[in-house]
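Engineer: below is the sequence, then the predicted model.
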Amino acid sequence: MCTGKCSQCIAVSLYPLALISIICNIVLFFPAGDVQYAKDGHITEEVKYMGGLIGGGVMVLIPALHIHLTGKQGCCGNRCGMFLSIAFAALGVAGALYSFAVAVLGLQNGPLCQVLLVWTTPFKDSDTGYLTDKSKWWMCTAPKDILPFHIGLFSTLLATSSLQAILCAAQMINGLFGCLCGTCIKKDVI
């Protein structure tokens, strides 16, 4: 496969991953589908870092657009465009790593939930992991089903950011080859 076509494949793969990251981050603001928790400020701290919206979303979407243009014939489909795609892909790697780090922290610390009458993060700094020990899940009384909600969405952010980092790193290598060897986009003969 030539470097131009590879760029297009990578970009097309990054679009849905960025969209999934953005959606997951937005949904995390509304535990149990209720806006009241966001209004009252009862949102997990890692959600406020917006790793999925900024890191896995915007910081990956902008490079994906440039990488896509690099694979097409025109102003970006040349050695200079491939060189720039390396820098944009590096931005994508940085965004994916930010999203990854926030997702890991979100999973490690656990959700903000109501324990009896107090809003706290009961699993933060605990000796045993709540991810493997479901017997402690009863502690969170509100929002309803916050633990599966929290684990599912942060795990999705973890997976998408991992894929984004791999794809952007692959584009950095592809961009290097495209910069050195050209994009091999065929020109139309008139």
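Structural biologist: Received, thanks.
Engineer: OK, contacts around the residue nearest to the spatial centre of the chain?
Structural biologist: Centroid-nearest residue in the chain: Gly56, 2.8 Å away (criterion: CA atoms, centre = their mean). By CB atoms under 8 Å, 6 or more residues apart in numbering, the contact list for Gly56 reads 17-18, 21-22, 25, 95-96, 98-99, 157, 160-161, 164. The way it works is simple: take the backbone N, C-alpha and C, and place the C-beta from them, glycine included.
Engineer: swap in Val47?
Structural biologist: Contacts of Val47 by CB under 8 Å, 6+ apart are Asn25, Leu28, Phe29, Gly106.
Engineer: and the longest helix belonging to the chain, what's buried?
Structural biologist: In the chain, with assignment by DSSP state H, the single longest helix is helix 146-181. Residues of helix 146-181 classed as buried: 146-147, 149-151, 153-154, 156-158, 160-165, 167-168, 170-172, 174-176, 178-179 (neighbour count, 16 or more other CB atoms under 10 Å).
Engineer: measure stretch 135-153 end to end?
Structural biologist: With CA to CA, to the nearest Å as the measure, stretch 135-153 spans 21 Å from end to end.
Engineer: any idea how far that stretch is from the chain center?
Structural biologist: Between the centre of stretch 135-153 and the centre of its chain there are 22 Å (CA atoms, centre = their mean, to the nearest Å).
Engineer: right, I'll call it a day here.
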